[in-house]
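Novice: after the sequence you'll find the predicted model.
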Amino acid sequence: MSTAWLVISAVIAVIVAPFIGGLLAGIDRKLTARMQGRIGPPIIQPFYDIIKLFGKKPMVAGNAQLVFAHVYLALIITAVVLFALQQDLLMLLFILSFGTLCLALGALSVKSPYSQFGGHRQLLQFLAYEPILLLAVIPIALKTGAFPIASIFGHGQALLPSLWLTFIALLIVLAIVMRKSPFDIAGSEHAHQEIVSGVITEYSGPYLAIIELGHWYELVLLLAILGLFWVGGNLWWLSIVIALASWFIMLIIDNINARLTWSWMVKFAWGVGISLVALNILLVKLGWM
Amino acid sequence: MGILTTARRKSPWLLHFDCGSCNGCDIEILAALTPLYDVERFGIVNMGNPKHADILLVTGPANHRNQRVLRNLYEQMPDPKLVIAVGTCGCTGGVFHNCPNILGGVDKIIPVDIYVPGCAVRPEAIIDAIVLALGKLKDYGK
Amino acid sequence: MIDALVGLLILFPIITGSICLAVKNYKLRASIIILTAAVLIISCLLFLGQGSFPVEYSPAPVWDWIILVCEHVLTAYFLLVAIRDLARRGISRHNVLTIAFALASGIPMAIFEFSHAPYAPLVVAPTLFVDHLSVVMCLIISIIGSLTCIYAIRYMKDHEEHLMRLGEFKVTKQPRFFFFMLIFLGAMNGLVFANSLLWLVFFWDMTALCCWGLIRHDETDIAITNAFRALWMCLIGAVGFALAIILFCNSPVNSISLRELVNSGAVAYPALLLPFALLCLAGFTKAAQVPFQSWLVGAMVAPTPVSALLHSSTMVNAGVYLLLRIAPAFRGTSLSTFIAVYGAMVFLVTSLLAISQSESKKVLAYSTIGNLGLIILCAGVNTPLSLTAGIMLLIFHAISKGLLFLCAGTIEHYIWSRNIEDMEGIVRKLPILGGITVVGVLSMLVAPFGVLVSKWGAMEAASEIGVWSTLVLILVMIGSGATTVFWAKWVGRLLCHAPVAGGAKREPMIPFYHGILLILITFAVVFSILIVPVYNGIIAPSLAEAGYVAAFTTNNWFLKSSIGIFAAWPIFVVIALALVIASFAAKARPETSRAAYMCGENVEIGADEFLAVGDERTQLKTGGFYVENILGEKKLNRFIEPIGIAFLIVLFVLVTL
């Protein structure tokens, strides 16, 4: 794709992604409600939430919070832009990880019990999924010859048939990042009062809205990365279907699971996730996949 | 009605605080949050965190011990915020209003927007109170 | 002019260091140190500027005699101090091992030199060979080393005043301290310029001497023990060198010119593989890789400038410098792949260990060993991209880690503690120092700073080496996650303070402390932004001189390799924009919440107190998590030492087969 088209798609991505993310969050709550035998909020409820939050009086527990919320959003948007510009996938993930780190640091910068242990648990969550996410880039690069996303588009055939092990590992990452049970350890989207919002406890008003916006961008970005696995295959719209299907599976898993411990999460993620990706890399290197 | 007011009316997040109640009204509030009444369809979510909440639901009368906690929670909520005193005890002190440890209704400590009498209050009345409270948001900022 | 500059870079600090030994006056000594620093910095910049590389230079033959004699004097001195320690404090495994390894390295060297060149020292032409890799090291040594020495002027004064207050002070040891610090700088410059292996070994041992002398500075029991531990582990390297030199001279190449040996290569001359492996072993011991990591961790008892200079930015870099220098020699051998796996293993293991440490200097020590493991991984992967990443990591790690050690030392001199838990909220109490430390840690950790760009390069390069990529990458990725945990935890502790309205009051700046820290943090940030000119200026030429193709093209100041692309400066722009917008939001004066959420039990006056049972005012205490029961030293060292030894055994089995 020519540079002009890429830039236009980046602009469109930045504008459209939060709307898609918000809609997904709304459909998430609706479907969860239906699964629980309720009616649930309207699909555009997250937009009401976020506008209301922007209208609240700003209140911070320290200027560091303010800074980290802004840097978090800026970096997540940068990651989305990098994706749209089809840049290096590994670099994109490092930018994404810095963004997530800002969230943890913002929480850790306030001397509040819930914020502190939410922040530390966020770091543990990060420890659980980051190796898998970074490793997952490797089989993609090995198959397509290079790390930039442009080479996935240039590859000409879908990656899913040969990299389905990596795809399953990435589903674990998706569950952890989306903070769905059993991985909602650092703080959940819903009101789980045992940890009192965990990592976002001390954020309020517009800064909470900024973080929520960042979460939406992050969700869309991860689903887009999952959708990359079918780029080049027949029926191009299947990649969107695959991404949405993964998201839906997360919903179901969320509703049938309870929260588990952080040590289980790390063991599960490393044990299952890393083994799957490692096996995939080995098989690709040996030429059997 | 601007988009901001619409959003505020469509997305009330609650903080529920038991100020000294016998738990009768608390049970009714929790019942209101169950799938039977499904308040989430109005956008109502029970956040346990004053920093995220818009509406403070207080049950029970105010006494010397918990006035500090109540005031703390109220001050940690960012504006615009509303307070709903649920139950007769919350409104005036109820049957306990002359007791030595009781200061009276919740409005002795913090400004209350809606009073919901009842002992215990029915879930429908609680939902009605929240809707009524949201109507007051139209006047916020004027 | 070249000979003048080389002479200045090597000899000037040695001379001024020796003068310092006799100078008792604080101000005079400070002036000598600052003069040395100025001379070193200007000389190395002039050296870089003169532009014609590589430089080949052989000093007059009398220097070969001097080096020969001094080498044996040095070995004898090691024996002497070890025996003296044995007499004073009894037999311990450290002084016995020192004696053993000193003899094991000295005697073969003496026999070899006598048998090969009975009446004159073995001369190699050229004696000194300076290419861009040496210049990179020289810049690090001369600039960061000098800045550390200037920092040490004030630091040691405060250190001794503190000891005086505690009643433990007897007589000033600063002359001896600065003697070792300054001659160390000269020795390091000599080490990176040396082409003759005999000169290299001498300077190598001289750095070991300085290491020993500086670790034992406080002369407590533990300091002396750890000094000898460091000494015998470094002497293992000297033994390796001795054996390697003997093997090199008995091989078809028959030379002790490093350049000639590297150009011959182990692929064309398989007999060279074992001696190169011995040189790798020397590098591993110097860089405190597993199983030798205990000397570096133990060396943290030394005053902080020692840790900053020797144990983060300079001396341990000598080990990885050697590996980077000889990497072209074993390109394509299984030794290379094995070294890559080894480096990755060290990176993972030390990153996990660092999570459990609450003493700041130990965290920094483990992180240093881990990053050195990464550089060794780059040397082992041995592609243009990985070597570029390795040299980049060398530079940026030296800057950031030196900075962080100096920050830890400065914080120690304000709060008199090294524990991370005691540093809670330091951005409020000491805003400038706390801010520099936070940015310093972030420069080690996050995109788009130089350390992360090198990690990115190393990871992409590691994917290209065949089936073993799998193992290497698993170790590196898990290690990378682990490093984020302990760095972020530390930054979190630094930032953590109760909600209080109003800005923090800036502490009065001390020139020797804050000035040096500000210079170093400026280097860290500016060179990360200017990573492409740095690459084009000194890294790309060093790869070209070693015979590798260029790894990156640099249009638009992006780093574009054949398999990836990293755009660093746009990210800096984005972060700067975010900070500007955040500062506008802060100027709008949002209301500062008077309390954190503690279920409403906050005491109204105190921001971090709550009322507990019986209305008792209780301080809120928060802390980091260290999971010592899983990742503590006691738990992991049981596995790590045997694994390290096993790796080394496999390494030597591999090369002898």
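Specialist: That came through, no problem.
Novice: helix or strand with the lowest mean pLDDT in the chain?
Specialist: All of this is about chain A. strand A:59-60 (a mean of 84; mean pLDDT, DSSP states H and E).
Novice: was after chain C, sorry
Specialist: Per mean pLDDT, DSSP H and E, strand C:591-592 ranks last in chain C, at a mean of 72.
Novice: okay, residue C:425 and residue A:65: tell me how far apart.
Specialist: 14 Å (C-beta to C-beta, to the nearest Å). Yep, even glycine has a C-beta here, placed from its N, CA and C like the rest.
Novice: hang on, the earlier thing: mind checking if the least confident helix or strand of chain C is in reach of chain A?
Specialist: Yes - using C-beta under 8 Å from any C-beta of the partner chain, strand C:591-592 comes into contact with chain A via C:591-592.
Novice: please name the residues that touch residue A:136.
Specialist: By C-beta atoms under 8 Å, 6 or more residues apart in numbering or on different chains, the residues touching residue A:136 are A:166, A:169-170, A:173, A:277.
Novice: kindly recompute the last result at 6 Å.
Specialist: A:166, A:170, A:277 (C-beta atoms under 6 Å, 6 or more residues apart in numbering or on different chains).
Novice: check the last one and give its pLDDT.
Specialist: The one in question is residue A:277. Predicted confidence (pLDDT) for residue A:277: 94.
Novice: and which of the contacts of residue A:136 is nearest chain B?
Specialist: For these, the closest approach to chain B (C-beta to the nearest C-beta) belongs to residue A:170, at 29.8 Å.
Novice: about what we covered before: which secondary structure elements does the least confident helix or strand of chain C contact?
Specialist: Using 3 or more C-beta pairs under 6 Å, 6 or more residues apart in numbering or on different chains; DSSP states H and E as the contact test, no helix or strand touches strand C:591-592.
Novice: touching that strand from outside, list them.
Specialist: A:59, C:499, C:501.
Novice: check stretch C:6-25 too.
Specialist: Against stretch C:6-25 from outside (C-beta under 6 Å, 6+ apart): C:29, C:32, C:36, C:39, C:43, C:57, C:175, C:178-179, C:182-183, C:185-186, C:189-190.
Novice: go on, stretch C:213-220?
Specialist: Under C-beta under 6 Å, 6+ apart, the answer for stretch C:213-220 is C:177, C:180, C:223-224, C:226-227, C:230, C:299, C:302, C:306.
Novice: go through those residues and say which is closest to residue A:144.
Specialist: residue C:299 (45.8 Å; C-beta to C-beta).
Novice: buried ones in the helix or strand where residue A:140 lies?
Specialist: Assigned by DSSP states H and E, residue A:140 belongs to helix A:113-144. Neighbour counts over helix A:113-144 (16 or more other C-beta atoms under 10 Å in any protein chain shown) mark A:113-144 as buried.
Novice: again with stretch C:248-261
Specialist: For stretch C:248-261, burial by neighbour count (16+ other C-beta under 10 Å) applies to C:248-249, C:251, C:253, C:255-261.
Novice: go on, stretch C:534-547?
Specialist: Within stretch C:534-547, the residues that count as buried by 16+ other C-beta under 10 Å are C:534-535, C:538-543, C:546.
Novice: swap in stretch C:175-186?
Specialist: For stretch C:175-186, by 16+ other C-beta under 10 Å, it's C:175, C:177-186.
Novice: got the CA positions of it in CSV?
Specialist: The C-alpha coordinates for stretch C:175-186 follow below in CSV (Å, rounded to 0.1, in the frame of the first residue of the first chain):
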residue,chain,number,x,y,z
PRO,C,175,44.4,8.8,48.8
ARG,C,176,44.5,5.1,48.4
PHE,C,177,40.9,5.0,47.0
PHE,C,178,41.6,7.6,44.3
PHE,C,179,44.9,5.9,43.5
PHE,C,180,43.1,2.7,42.6
MET,C,181,40.3,4.6,40.8
LEU,C,182,42.6,6.6,38.6
ILE,C,183,45.1,3.8,37.7
PHE,C,184,42.1,1.7,36.9
LEU,C,185,41.0,4.2,34.2
GLY,C,186,44.5,4.0,32.6
